[in-house]
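> Here is a sequence together with a model predicted from it:
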Amino acid sequence: MMQVPTRSSIGDLLRTLSDYFRSPKEPDRTLAMGKKIEVVYAIVSKGIPLFRTEGVGDVNLFPLKISKCIVSVPVILPEKIQAKLRRQMLEILRAHFDDTVKKLLLEKYKANNYKKLKDDEPWKCYIAPPLGNRETDIGMCGFCPVCNIMGTIITRSELGVETSRGIKPITTTYGLKSRVAHDSAYALVEERKAIVDMSHTKVGEGISYTGRALFEESHVLPGVVFVGKIVLCDVTELEAKLVLAGLSNIRRMGAGETKYGAVQTIILGMKGGMTETISSYDIARRVLDSFSKKDIEGLLDPETYLKEVLAYLEKKNFYKVIDLKEEKVDEIGVQVSMTKEEINSLWEIDNYYYAKDVIKYIKKVELG
């Protein structure tokens, strides 16, 4: 059996790509330089996930043109991946939130007039449901590593600026763009092999019959492999590591994820550059075309699809994170983790200097 890649091997790979990371303390970090890290990953269905947009209904499907025909494949839309990734990253930050970080926030960040910091409350940041015109006033803190990496809205509720008359709330709203770009994640098998319709019941507590409370959902079968890609744009090494830690630890996704959404997320390959070289669409078409030529009727083992993706990534000069031979999917472990020291350094240096740069440009607008 191959040696499973560990956190140190991921660290070695990140250091190999060091030319495409920003330096934490460099000036004007909010100004893009075009440094990019492409990350290709797979999501393997381990339950019966529901990858749809809203309400009861069908799985999201896209038609893809390959050499022989047009095939319809299930798709996980970028906003679903982004929301799940953001929550995973926040979990990691909260797991390492201790007195050291709290003291740092209150001393360094509070001095920069971030308004969602209070002496008697811990740091809080979360994805909040819309509440009319107050939707940007709750939830996201506007300054943490997740907000600064994944994007946020900074309003008068998040930030004040120092004027000759004291601290005043900012007068307009600023959008901070995400530095993680997403592709859709495409299934590597066509719809008829990947989807099953299932009937469900709505049984209330204390009721022993269902009556008309029946509905049908389209579920993704276990073993279906989706391939996706993210691009890390102008990030530092520790910022990249936080994103990879969040991505690699996604284990549930989709509607009703607590009941149906078991998945495994596997980072497959990475590549640094000043431009993007492939998309998840390119990879999916290649794999679908390869298997369509073999006239395969049923769903293959997930390992078979992953090997095909890895072969393509090697041709495109990606660094492979795994090297499948005889291993099963459950034997692949590429969970990236971060130490408490790394999280503290992320808060104290990488994120702090980025946040200060954001404030610098906001002040230019507010104060002229």
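Received the coordinates, thanks. Numbers count the residues shown, from 1 in each chain.
> can we go C-alpha only for contacts and neighbour counts from here?
Will do.
> contacting residues for the residue lying closest to residue 92 once chain neighbours are set aside?
In space, and not counting its chain neighbours, residue 92 is closest to residue 246: 7.4 Å by Cα to Cα, 6 or more residues apart in numbering. Contact analysis of residue 246 by Cα atoms under 8 Å, 6 or more residues apart in numbering lists 85-86, 88-89, 92, 336.
> Can you add distance to residue 358 and give these back as CSV?
Shown next, in CSV, are the contacts of residue 246 (distance: Cα to Cα, whole Å):
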residue, distance to residue 358
85, 23
86, 20
88, 24
89, 21
92, 24
336, 28
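> which ones among those are found in helices?
Mapping the contacts of residue 246 onto helices (DSSP state H) picks out 85-86, 88-89, 92.
> Could you single out the nearest of these to residue 317?
residue 85 (26.0 Å; Cα to Cα).
> can you map out the helices along this protein?
With DSSP H as the criterion, the chain has helices spanning 7-16, 78-95, 99-104, 145-150, 191-194, 237-248, 280-292, 302-315, 340-345, 352-367.
> what's the angle from the second one to helix 237-248?
Meaning helix 78-95. With axes from the mean of the first three to the mean of the last three Cα atoms, to 10 degrees as the basis, helix 78-95 and helix 237-248 are set at 110 degrees to each other.
> Looks like residue 110 contacts residue 117 (just checking).
Yes: the pair residue 110 / residue 117 is scored as a contact, 6.4 Å apart, by Cα atoms under 8 Å.
> Pick out the most distant pair among the contacts of residue 246.
Greatest spacing in the contacts of residue 246, by Cα to Cα: 86 and 336 (15.3 Å).
> quick revisit: can I get the helices of the chain in TSV including distance to residue 261 and mean pLDDT?
Shown next, in TSV, are those (distance: least, Cα to Cα, whole Å; pLDDT from 0 to 100):
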stretch	distance to residue 261	mean pLDDT
helix 7-16	26	75
helix 78-95	12	95
helix 99-104	33	92
helix 145-150	23	97
helix 191-194	15	88
helix 237-248	15	97
helix 280-292	22	92
helix 302-315	17	94
helix 340-345	29	95
helix 352-367	35	93
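> Those helices: which one's closest to residue 30?
helix 352-367 (6.5 Å).
> Any buried residues in that closest one, and which?
Under the neighbour-count criterion of 16 or more other Cα atoms under 10 Å, helix 352-367 has 352-359, 362-363, 366 buried.
> Same check on stretch 298-315?
Quick answer for stretch 298-315 (16+ other Cα under 10 Å): 299, 302-303, 305-310, 312-313.
> for stretch 247-263, same thing?
Judged by neighbour count using 16+ other Cα under 10 Å, the buried positions of stretch 247-263 are 247-255, 257, 260-263.
> Would you agree residue 234 is in contact with residue 28?
No: counting by Cα under 8 Å, residue 234 does not reach residue 28; the two are 11.4 Å apart.
> The two: which has the busier surroundings?
residue 234 (25 against 14; other Cα atoms under 10 Å).
> so what's residue 197 closest to, chain neighbours aside?
residue 218 (4.4 Å).
> roughly how far apart are residue 148 and residue 357?
11 Å (Cα to Cα, to the nearest Å).
> err, residue 155, not the other one
17 Å.
> count of neighbours near the residue lying closest to residue 243 once chain neighbours are set aside?
With sequence-adjacent residues excluded and distances taken as Cα to Cα, 6+ apart, residue 243 is closest to residue 89, at 6.6 Å. Close neighbours of residue 89, defined as other Cα under 10 Å, add up to 22.
> what does residue 172 give?
For residue 172, the neighbour count with other Cα under 10 Å is 11.
> Check the burial of the residue lying closest to it once chain neighbours are set aside by counting its neighbours.
Leaving aside its chain neighbours, residue 172 sits nearest to residue 155 (6.6 Å; criterion: Cα to Cα, 6+ apart). When neighbours are defined as other Cα under 10 Å, residue 155 has 18 of them.
> quick revisit: now the buried residues of stretch 247-263 as a markdown table including distance to residue 198?
Formatted as a markdown table, the buried residues of stretch 247-263 follow (distance: Cα to Cα, whole Å):
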| residue | distance to residue 198 |
| --- | --- |
| 247 | 29 |
| 248 | 29 |
| 249 | 28 |
| 250 | 25 |
| 251 | 22 |
| 252 | 19 |
| 253 | 18 |
| 254 | 16 |
| 255 | 14 |
| 257 | 16 |
| 260 | 12 |
| 261 | 15 |
| 262 | 17 |
| 263 | 19 |
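> Of those residues, just say which sits nearest to residue 174.
For those, the nearest to residue 174 is residue 247 (27.0 Å; Cα to Cα).
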